[in-house]
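[1] Quick check, what structure comes out for this input:
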Amino acid sequence: MTAAAPHTASPLGRGGLRRFTGPRPPRPEVCELCGTPVAGDGHRHVVETERRALVCACRACATLFDRPGAATGRYRAVPDRYLSDPDHRLDEGAWELLRIPVGVAFLFRNAALDRPVALYPSPAGATENELDPDVWQSVLDSGPLAGLLRPDVEALLLRRTDGRTSCHLVPIDICYELVGRMRLLWQGFDGGAEARTALAEFFARVEHRARPVGRVGPVGPDGTDGTTGGTANRPAPATSTPAASEPPTPDPTAPTRTGAARP
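    Numbering: from 1, shown residues only. Take a look at the predicted model:
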């Protein structure tokens with residue numbers, strides 16, 4: 001009787017295959033312009049104007065698009081300044097004219113379309129509302145911030161709570177950061193406690209970093225003001241989430257939504 005040959009474990013047995021079934025290590029972030037690895041909290045963004053897309057960039061590449069004349073090219077560096085206007089005149093009536101069905105929105109000027117765009121966060125992502133030119137003019141007339149906006153790369157961030165509207169000029173990438181966080185955290189009809197907490201934290205960081213518009217120094221080539229020492233304090237990337245203290249009102253699933261938009 002012939003003895004059976006001893007079983008030899010295949011190199012692709014359970015142990016060998018385990019490396020293919022386990023979680024993959026996260027891919028390192030790289031500059032999308034030159035391929036250089038970048039730290040998650042140590043890089044900037046540029047806007048690719050043709051696609052209305054945010055692109056991660058190392059500081060060296062972003063600096064190329066901070067230079068005078070670069071604002072007319074394909075890429076535009078996102079500045080790093082935060083301004084507030086405590087004396088703005090955006091009242092209840094102006095908010096109603098904007099026709100934003102939630103309590104948070106951001107407005108920016110799209111250079112390719114040569115018109116202002118209004119977006120608000122929703123469970124489906126960034127949702128765009130048509131913005132009538134006359135309404136935009138009323139926003140311009142409400143204070144100096146709208147006139148300081150750089151097309152495509154800065155936004156007016158509005159928040160309506162308890163009948164009052166706050167108004168900040170911010171880098172546009174943090175607006176899409178807020179949109180992403182709300183989409184990720186939103187639960188149920190009103191967003192849920194976690195989304196409300198994230199919203200509160202986000203606006204607390206913005207308010208902490210913003211300088212009143214009358215107190216800023218000359219604006220530098222990268223969009224920062226001369227009193228910040230070169231770079232304004234951008235909110236730390238969201239390990240602690242973006243957010244404000246109260247849920248947007250009314251429900252962002254309201255039927256006045258007109259369609260999703262991307263950066």
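[2] rest of the way, CA atoms for contacts and neighbours
    Fine.
[3] dump the residue contacts of Y82.
    H168, L169, V170, P171, V206, R209, A210, R211, A232 (CA atoms under 8 Å, 6 or more residues apart in numbering).
[4] and the fifth one, which of the three is it?
    Taking DSSP: H, G, I helix; E, B strand; the rest coil as the rule, one finds V206 in the helix state.
[5] Break down the stretch 1-150 of the chain into its helices, ranges please.
    14-21, 59-64, 92-98, 133-141, 145-148 (DSSP state H, counting those that start in this stretch).
[6] Can you say which of the ones you listed is nearest to C31?
    helix 59-64 (8.2 Å; CA to CA).
[7] what mean pLDDT would you report for that closest one?
    Averaged across helix 59-64, pLDDT comes to 88.
[8] counting contacts, what elements does it pack onto?
    strand 44-48 (3 or more CA pairs under 8 Å, 6 or more residues apart in numbering; DSSP states H and E).
[9] what comes into contact with the strand it packs on?
    Under CA under 8 Å, 6+ apart, the answer for strand 44-48 is 53-59, 62, 65, 74-78, 152-153, 173.
[10] what are the C-alpha coordinates of it, in CSV please?
    Provided in CSV are the C-alpha atoms of strand 44-48 (Å, rounded to 0.1, in the frame of the first residue of the first chain):
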residue,chain,number,x,y,z
ARG,A,44,-3.2,74.1,-0.3
HIS,A,45,-5.8,73.9,-3.0
VAL,A,46,-6.1,75.5,-6.4
VAL,A,47,-9.3,75.8,-8.5
GLU,A,48,-9.3,74.3,-12.0
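[11] so how many other residues sit close to P116?
    Applying other CA atoms under 10 Å, we find 17 residues neighbouring P116.
[12] you'd agree H43 is up against R59?
    Yes: if you go by CA atoms under 8 Å, H43 and R59 touch, sitting 6.0 Å apart.
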